[in-house]
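Peer 1: Just to be clear, the model below is a prediction. Sequence and coordinates:
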Amino acid sequence: MDTDVSQAEQRTVRGRPDLEDAAPSAETPASIIGRSPWEIFWRHFRQDRFALAGLVIIFLILVMAIFAPVVADIANHQPNQVNLNSLDSYGLPSAPRWWPDKYDPVTGEKIKEAPPGYLLGVDDTGRDQLVRIAYGARTSLQVAFIATGIGLVIGVLLGLTAGFYRGKTDTVISRATDVVLALPILLLALGIASACGANQEGCFWGLIKPGLGPVIMIIGLFGWPYMARIVRGQVLSLREKEFVEASRSLGASNRRIILREILPNVAAPIIVYTTLIIPSNILFEAGLSFLGVGVPDTTPSWGGMLSDAGTAFTFAPWLMIFPGLALFLTTLAFNLVGDGLRDALDPRKGV
Amino acid sequence: MRRGVALNRAIRVIAVVAVLGMVAGACGKSTEPTPGTSKPPTADLEGGTLHMAMLADVTAAFDPQKEYYSVTWEYFRCCLLRTLMSYEGTPTDEGGAEIHPDLASDAKQSDDGLTWTFTIKPGLMYAPPMQDTEITAGDFIRAIERTANPKANVGGYSFYYSVIEGFDDFAAGTADTISGMAAPDDHTLSITTTSPVGDISYRFAMGTTAPIPPDAEGERMGVAEGHDRNYGRFLVASGPYMFDGSDTMDFSADPKDQTEAPGYVPGRQIVLVRNPSWTRESDQLRDAFPEKIEVRIGGDNDDLYNQVAQGALDFVVDGAVPPEKIRDYQTNPDLQDRINIYASDAVRYVSFNLAVPPFDDVHVRKAVNWAFDKQGFRQLRGGPSVGEIAGHIMVNSLEDNILATYDPYPTANAAGDVAKAKEEMKQSVYDTDQDGVCDAPECKDILTITDREDPYSEQMALLKQFLEPIGLTLDDKQLERGTMYNKCNDANSKHALCAGPGWGKDYADGVTFAEPLFSSAGLWESCCNYSLVGATADQLKGWGYKVTSVPSVDDDEATCAALEPGDARFKCWAELDKKLMEDVVPWVPYLFDNSVDILSDNIKNYSFDQFAGLAAFDSLAVPGNTA
C-alpha cells in the first residue's frame, strides 16, 4: 500500500507542471525570483481549472442576482406577477414551449404550453420560473454572504480571543463553543423560524420578523463554532512563534499583536473555511425553505421553489429541474473554489 | 376537510339565539315529521372493511358535548350516535337537508308553542357493555345537563340550548335540574322553552343531545360520571357502529380505574365495528354498509390521495384533493365515476376591517369588489370544480335561491374590471387627485392577514396584482391557519384585510350566517365578525381605533330572526344580503364552496351528507374489502 501511495503522489506531482517547475533545481539557481505571497497564490490557483470554472460560475450567478430586475424587464414579468393564462383550467402549470414531452404520464392528456416569453415555464401560481430563479439567486447569495459573514466575524473574534489570552477566557469561550456545537441546529432553526414566521409581530420582542431575517440570523448565530475552533487552534501555536515574541519585546500592544501579527497569518484557513461553509449555508437556507419555514412565498427562493415542485413532479418536472440545477451549480462552484483555495494557499506546497 | 375546522369554528359565545324554526313554526300545530324513505334492498353492498385516513384527529376526542367540528359530526351521525331527530346522509336534492325522526317516533308542539313532546321508540338498546340498557327519556335529559355543564361543554355549542327553560340556571349552578325538561315516562320527553322555537328538531339532531346511558350506581351523569374531560374515550354508542373493544369497558369500576375502548387511539387510529345492539329494521336513515371502518390518523395530504388512487386506501376524510388529481379524475374516462362534487353550503371571502382606513370608506371597499378577480381566485384553487363564483354572501340554499343570479359587481368572466374599480375609487376621499388611483398614505402597505398554505399564498400574489392598479399595496402576513383565524377575529390586531377565511352553515337557516358574521353578538371576543359591523363608538375606542363609527345591521338581523320560517324569512335574509353587498360592503365573497371527494376503486357506493357537508361514511360500500 505504501508503494501505491507514493506512486500516486509522484503521479500527482508529475501531473502538476507548476510543482515540477517549482522543484529545486541545482542547474538553475539563478531562476529563483522573489514573489509576493499573492503572486504565489495566484500562480497556483490559476492552474486549477476546476476552481477557475467554479469562479466563473459564481461570477455568472452573481451577475444574475444583481441584474435580476433586468431579467424581469426583458422577460416582461415581475417575480410575483401572476399570469392566469399560463395556467390550465385546473390551475395547474404549463410547460416551457420547447419542453419535449408535454403529456401527463397518468392521464395521457396534453399539458398546456406556456405563453411565449416564459423560457423555463411557469410555476403553479402562474409566475415566470426564469425570473424567479434569477431572484432566487439573490436570496441564496444574501444568505451566503450575510449569514456566513456574521458567523465569520463572531467565529474569528472568539477564536482569536480564546487562542491568544488562553486561561479562563479560553475555557469560557471553548465551552460555549462546545455547547453551541451540541445544539441540534436544524431542529432549533425549525423551531425559531416557525415561531418567528407564524406571527406578524415576529419574535424576541419584534426583533426578528418573518422573512429572510430569521433565516440569516439562525445561520449566522449558530454557524460560528467551527470557525472559532479552527482560528483558536491556529492562534494557540502562532502566539508562541518568534515573530510574536519579537513584536512583544518591542513593546507592541496585545491588540496590535493580534490584528497585525497573528490575524494575517490565520487568513488562509479563514478564507478556505469560509468558502467551504458558504455552500452548506446556501443548502441550509434551501432546506429551511423546502421545509416551509424559510422565506415566505413572495420572496423567491430555490428551496421554496423545489418544495412547491415536489407535488407536481410527475407532470411538471421542469419545476424541479431548473431550481435544482441552479442550487446544484452554485454549491458545486463554491466547493470547487474552496478546494482550489485550499490547495493554492497550502504553505506546504512548493514555492 | 381540514377547512371543516375553519368553517365550523362557528358561533361560540352568542348570548341570544332568537331563531324561529324551520320545521313547524305555526303555534299549536301538531307535527308528524316524515320518516326517512325506506332504503332499497342493498345486501350486495354490505360487508367489508372500509379503510379511511384523516390528516388530523378530531378536535375533542369524540366528546359529544365538546365536538364542534364537521368531521366528528359526521362520525356521530353516520355511525356512533343516534339522536331524537336526524338526517338521511344524502345531498339536498335527495332530501339531505330535511330532518327525520330517529330515536323519536314523533314530535308534537303545544298550543302555546313553548312545549315540545317527543315520543321515544321502545326497545332500542345501547351498544355493549350497556347492551341490556334501553334508551329512555331520562338519558336525553342527562345529555342536556352535560351540555349545560361548563366543565364538560368546553368548545361546544351549548348556546343553542339556552332557550330551554332553566338551562342557564342549571349551567350557573343555581338550580339542581333543568326545569324545562321532563320525562313523564320512559318513552316521553317534554321540552319547554322560554320563547317559541320552531327549529327545536334541528337542535336535537346535533351530537350533544345524544342519549347518555345511566350507570349501575345511579350517578347523575350516568356512564359519563367522572369523565368530564374525556367521555369521548368511554362513549357508549347507539348507532350502527361502536369503537372496537367497547365491550371491555367496565362502568361499575371507579371512573379513575376504568379503561377506555381500545378502538380509538387519539392521534393514531379509529376502529369502528358493528354494534350488535343495532338492527337494520330499527333504523330507516342509515345505510351502514361496511362491516368495519378503520381510520388512520396523520400523513401528508398529497401522499394520502396517491394511496387512494392506487387503491391502498379507500377514502380521505379531511384532505383537499390536489388539483392534478381533480384533473386526472375529471379527464380520464376510467376515473370519472370516482370523483364526487357537491355544494357544501359554505362561502369563501376576503373581509374588510371597516374601522381601518382606507376601508372605512365604502367607495374603497366597492372599488376592491369591482377589481376582484374571482375567476382567478377559483382557478388557483383548482378551477370550476371547487365551487361556484359567489356574487353575494349567504349560500343560495339559505335564501331559497332568491339571489341565485344576483351580483352587484358583475364583471366580464368574473375576472374584475379595473375601469369600474377606478370609477369607484375616484369618489373616495383617499383618492385626492381623483384619477382612480388611491394616492393617500393609508393605501400603502395595508396590513393583510392570510393563511400561509397553498392556495392562499398563491391567491395573495394575485390579490396584490389586481389591487395595484387602483393604488392599494398590501403588507401581507401569511400565518398558520389557527393563528390566522385568531388574528382576523381579534379586534385589537387592527388588520385591514383578512384574505383566508371561509364560513359554513351549522344548519339550514340564514341566522347561522347573519348573527355570527355581521351582528354585534359576533364581535370580539365572540366570533366571527371580522369586519366589526355593528361595533359601537366605545368598543372601537376601546380597541384603539381612530374611526368612530361603522355601519350596523343588528336591527335587520333581529327582524329576520323573528320572522316565521318560510318565504318571508327567506326573502328577509336575501334583503339583508343585498344590503350587506351594496351598502355595508364588509366582504368580497368569491366562492360558494364545493366538497370534492375521490374514491378508491374498492368503493361501490357513495352518498354526500348535506348536514355535515362531508361524505356519509356509512354509505361508502366496500363489499369486496375482506382483508
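Peer 2: Noted; the coordinates are in hand.

Peer 1: element containing residue 267?
Peer 2: Using chain A here. Per DSSP states H and E, A:A267 falls inside helix A:263-290.

Peer 1: buried sites along that helix?
Peer 2: A:263, A:266, A:268-290 (16 or more other C-beta atoms under 10 Å in any protein chain shown). Any C-beta I mention is one placed from the backbone N, CA and C, and that applies to glycine too.

Peer 1: try stretch A:84-95
Peer 2: Here stretch A:84-95 shows A:84, A:86-88, A:90-95 as buried, counting by 16+ other C-beta under 10 Å.

Peer 1: from those residues, which is closest to B:Y409?
Peer 2: When the buried residues of stretch A:84-95 are compared for distance to B:Y409 (C-beta to C-beta), A:L84 comes out closest, at 18.8 Å.

Peer 1: got the contact list for the closest residue to the closest one other than its chain neighbours?
Peer 2: Residue nearest to A:L84 in three dimensions, not counting chain neighbours: B:G376, with 4.8 Å by C-beta to C-beta, 6 or more residues apart in numbering or on different chains. Counting by C-beta atoms under 8 Å, 6 or more residues apart in numbering or on different chains, B:G376 touches A:82, A:84, B:415-416, B:462, B:466.

Peer 1: pLDDT wise, what is B:G376 at?
Peer 2: B:G376 is assigned a predicted lDDT (pLDDT) of 94.

Peer 1: what residue ranges in the chain score low on pLDDT?
Peer 2: Just going to use chain A. Scanning chain A for pLDDT under 70 picks out the ranges A:1-31, A:106-107, A:193-194, A:197-202, A:206-210, A:347-351.

Peer 1: um, chain B though
Peer 2: B:1-41, B:198, B:627.

Peer 1: cutoff 50 now
Peer 2: Where chain B drops to pLDDT under 50, the residues are B:1-32.

Peer 1: By residue count, what's the longest strand in it?
Peer 2: Secondary structure of chain B per DSSP state E: the longest strand is strand B:339-352.

Peer 1: And the helix holding A:A267, what does it pack against?
Peer 2: Helices and strands touching helix A:263-290, by 3 or more C-beta pairs under 8 Å, 6 or more residues apart in numbering or on different chains; DSSP states H and E, are helix A:129-142, helix A:148-165, helix A:185-197, helix A:212-222, helix A:225-238, helix A:302-310, helix A:318-345.

Peer 1: check whether the last one contacts chain B.
Peer 2: No: with C-beta under 8 Å from any C-beta of the partner chain as the criterion, chain B is not reached by helix A:318-345; the gap is at least 12.0 Å.

Peer 1: Tally up the residues packed near residue 205, please.
Peer 2: Picking chain A for this. Other residues lying near A:W205 total 7 when counted by other C-beta atoms under 10 Å in any protein chain shown.

Peer 1: please go with chain B instead
Peer 2: For B:A205, the count of nearby residues is 23 (other C-beta under 10 Å).

Peer 1: again, but for B:S252
Peer 2: B:S252 has 9 nearby residues by other C-beta under 10 Å.

Peer 1: So it: helix, strand or coil?
Peer 2: Three-state call for B:S252 (DSSP: H, G, I helix; E, B strand; the rest coil): coil.

Peer 1: Phi, psi for it please.
Peer 2: Main-chain torsions, B:S252, degrees, to the nearest 10: phi -80, psi -20.

Peer 1: what residues are up against it?
Peer 2: The contact partners of B:S252, by C-beta under 8 Å, 6+ apart, come to B:215-217.

Peer 1: Quick one: which of those is the most crowded by neighbours?
Peer 2: Highest neighbour count within the contacts of B:S252, by other C-beta under 10 Å: B:D215, with 20 neighbours.

Peer 1: quick one: that one is in a helix?
Peer 2: No: assigned with three-state DSSP, B:D215 falls outside any helix and is coil.

Peer 1: ok, back up a step: in JSON lines, list the helices and strands packed on helix A:263-290 along with distance to B:W587 and mean neighbour count.
Peer 2: Converted to JSON lines, these look like this (distance: least, C-beta to C-beta, whole Å; neighbours: other C-beta atoms under 10 Å in any protein chain shown):
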{"stretch": "helix A:129-142", "distance to B:W587": "32", "mean neighbour count": "24"}
{"stretch": "helix A:148-165", "distance to B:W587": "45", "mean neighbour count": "21"}
{"stretch": "helix A:185-197", "distance to B:W587": "27", "mean neighbour count": "18"}
{"stretch": "helix A:212-222", "distance to B:W587": "33", "mean neighbour count": "22"}
{"stretch": "helix A:225-238", "distance to B:W587": "52", "mean neighbour count": "21"}
{"stretch": "helix A:302-310", "distance to B:W587": "29", "mean neighbour count": "23"}
{"stretch": "helix A:318-345", "distance to B:W587": "34", "mean neighbour count": "20"}
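
Peer 1: I'd like the distance between B:V622 and B:L532.
Peer 2: Taking C-beta to C-beta, to the nearest Å as the measure, B:V622 falls 49 Å from B:L532.

Peer 1: For B:K66, which non-adjacent residue is closest in space?
Peer 2: Closest to B:K66 by C-beta to C-beta, 6+ apart is B:A60, at 3.6 Å.

Peer 1: Please name the residues that touch the one residue in the stretch 201-350 of chain A that gets nearest to chain B.
Peer 2: Using C-beta to the nearest C-beta, A:D297 is the residue of the stretch 201-350 of chain A that sits closest to chain B, at 4.2 Å. Residues in contact with A:D297, defined by C-beta under 8 Å, 6+ apart, are A:304, B:452, B:457-458, B:460-461, B:478.

Peer 1: cool, A:L87 as well?
Peer 2: Taking C-beta under 8 Å, 6+ apart as the test, what A:L87 contacts is A:93-94, A:112, A:122, A:124, A:126, B:379-380.

Peer 1: Also B:K66?
Peer 2: Contact analysis of B:K66 by C-beta under 8 Å, 6+ apart lists B:59-60, B:152-156, B:232.

Peer 1: Which strand or helix spans the residue nearest to B:K66?
Peer 2: Under the criterion DSSP H and E, no helix or strand holds B:A60.

Peer 1: picking that back up, which of the buried residues of stretch A:84-95 sits closest to B:Y349?
Peer 2: For the buried residues of stretch A:84-95, the minimum distance to B:Y349 (C-beta to C-beta) is 19.0 Å, reached by A:G91.

Peer 1: doesn't B:F377 make contact with that closest one?
Peer 2: No: A:G91 is beyond contact range of B:F377, at 9.9 Å (criterion: C-beta atoms under 8 Å).

Peer 1: residues in contact with the most centrally placed residue in chain A?
Peer 2: Note on chain A: the residue nearest the mean C-alpha position is A:I278, at 2.3 Å, using C-alpha atoms, centre = their mean. Residues near A:I278 by C-beta under 8 Å, 6+ apart: A:144-145, A:148, A:334, A:338.

Peer 1: circling back: for the contacts of B:K66, I'd like a selection string for PyMOL - just the buried members, please.
Peer 2: Buried residues within the contacts of B:K66, by 16+ other C-beta under 10 Å, are selected in PyMOL with:
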select buried, chain B and resi 59+60+152+153+156+232
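
Peer 1: Out of the contacts of B:K66, which two sit at the greatest distance?
Peer 2: B:T59 and B:A152 (14.9 Å).

Peer 1: what's around B:L304, how many residues?
Peer 2: With other C-beta under 10 Å as criterion, B:L304 counts 23.

Peer 1: Please apply the same query to the one 3 residues further on.
Peer 2: In terms of burial, B:Q307 registers 18 neighbours under the definition other C-beta under 10 Å.

Peer 1: ok, so what distance separates B:P469 from chain A?
Peer 2: Using C-beta to the nearest C-beta, to the nearest Å, B:P469 is found at 13 Å from chain A.

Peer 1: Cheers, nothing more for now.
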